[in-house]
Every structure is written in C-alpha cells, then in structure tokens.
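*Asks:* how would this look folded up:
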Amino acid sequence: MNGIILCEGFDDVLLLGYYLYKSSDGIKWKYENNEKISDNFDFPKINSKSEKRELYRRGGDNVALWCVGGKDNFGPALQFIHTVNTHFPESGFQKLAIVTDRDDNDIGCCLDKMHALFLQQGWSVCLENNKENAFFYDVEGERFEIAIAPIIIPFTEPGAIETIMVNAIGETGSEEHSIVNRAKEYVQSFVSSGNLTKYLQHKREIPKAILSSIISITNPDRSTAYFNELLISNDWEKKEIVKTHFGLLKTMFI
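*Replies:* Take a look at the predicted model:
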C-alpha cells in the first residue's frame, strides 16, 4: 500500500508524523531518511522554501507526509497524484488524506473548494469530512480505487491545528484549563487593543500566539525549543481531542 497525507505547514508534518508513529499498534511506522516510494516517479518541487516531505514505512507499506506550503498548493499536489495514478496505477497511491485548517470558513465551503480541485483533474469525487471516500477510476480498461479522506479541522469551531493543540493541553487538568483560558484572554487583549500595527495582523496568527503563550508557562524550558522537541513535552496521542481529529489516520493506515 502506498498512502499520502497532504498538509499545509512544517509543524503539521511533524505533528502528524509523531501521531502516526505513536498511535500505530504492533509494528510501528518508522521514519525513512529518503523520499523514494517508487522507481517510477519522484516528488516534484512545488514551493521549495515552504514544503517538506517525510516518508514512513512499515513492512511493504509506505506513507508520505507532504507539507505543500499552504492551501494554494494543494492543486499542484493533486495534479501530481492524478498523474502518478493514471500513468502508474499499480505503483500509485491507494490512500490519500488531506489535512487542512478551516480557519474562519465553514467546513462545507472547504469541501466545495476541495471538490473543485479534484474536478480540475477530471475526478468527480463525493467528499465527506473525516470519512474515507472511495473513488474509482479506469486506466486502459482496468478499474482502480483510491480512498480519499478530507480532514478539515477543527470540526466544531473555527481555527487551525494549533487550536486542537491548545484544547488538548486544556483537557489535561484544571490548572492547564485555567492557563489556556488566561492565555486566550492575554493574546486577545493585544489584538483588541488597537495598538498593534506589525504583529498579529492575520487571524491565523492568533492560535499560534496562544499556543506559544501556553508553552511558555507550562514548559518554560522548552519555550524556545524547535517544534519537534516540543512534541515530546506532551502525550498528544493520548489526548481525546487529538484522537477525535486524527483517529481516521490510524484507521486508514492501520
């Protein structure tokens, strides 16, 4: 099985790779220090400054995590997947997950935009969020299948992957819950003050600032650590909100 998970940013790749490894039962998914899934194709460069790829392998199965550098680059990534699957269907991708932030958008609106991207490749896919949607396509008279799973997050409120991490810390205990609420108030006080002209000018930056504030209090020794070091400071895979949002990945790539 060849699978692929598309996401937006560097931190997404690190968190999803961490979750894939930690949540796998029995034989673990292991990080491979190369990007080679097949001799038939190589991954293209979409945005070299903003993209990152990691490959995880378990037995004969592969899962590629590909941060494409933002929502605008999902289109070229899907074009690549379509090209691979129509030219090399036997060694192409059988499973595709797309993890993306909803930000301030309705999930239905995000699904419509994703559906339009598939239509550009000639794939009319019926998409339901957080579900494996089976799509069948024909190559030279032979039928093939790919499972496509949009995971547009968070499910119940506007936000981003940092929103889930913030809420995951908040569910740890009453003290953490209090810290999360105060951090939200703290960051929002700057945003609503009218005194900022250079910082926090985009809504997508606010969840990142809240998470950074919480980490500075709960793990001050790691407040300046790289994100991959930060991951080991919490058992993210045990948090119910993390399992709710990313549990489908464990099911897909079991």
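
*Asks:* Tell me where the stretch 51-200 of the chain has strands.
*Replies:* In the stretch 51-200 of the chain, the segments counted as strands under DSSP state E, counting those that start in this stretch are 52-58, 61-67, 95-101, 133-139, 142-153.

*Asks:* Out of the ones you listed, which gets nearest to Leu16?
*Replies:* Among the strands of the stretch 51-200 of the chain, strand 61-67 comes nearest to Leu16, with 5.7 Å by CB to CB. Heads up, the C-betas are built off the backbone N, CA and C, glycines and all.

*Asks:* which outside residues touch that closest one?
*Replies:* 1-10, 12-13, 16-17, 20, 29, 35, 37, 43, 50-57, 77, 253 (CB atoms under 8 Å, 6 or more residues apart in numbering).

*Asks:* quick one: pLDDT of Tyr226?
*Replies:* Looking at Tyr226, its pLDDT is 63.

*Asks:* Is Ile148 bridged to anything, and to what?
*Replies:* Here Ile148 shows beta-bridge partners Leu96, Asn133, assigned using DSSP bridges.

*Asks:* does it really touch Phe136, like I thought?
*Replies:* No. Using CB atoms under 8 Å, Ile148 is not in contact with Phe136; the gap is 11.2 Å.

*Asks:* Looking at these two, which one has more neighbours?
*Replies:* A direct count of neighbours by other CB atoms under 10 Å for Ile148 and Phe136 places Ile148 higher, at 23 against 8.

*Asks:* what about Ser38, how many neighbours?
*Replies:* So Ser38, with other CB under 10 Å, has 14 neighbours.

*Asks:* How about it: what's its closest non-neighbour residue?
*Replies:* Ser91 (4.3 Å; CB to CB, 6 or more residues apart in numbering).

*Asks:* Please apply the same query to Asn105.
*Replies:* Pro158 (7.6 Å).
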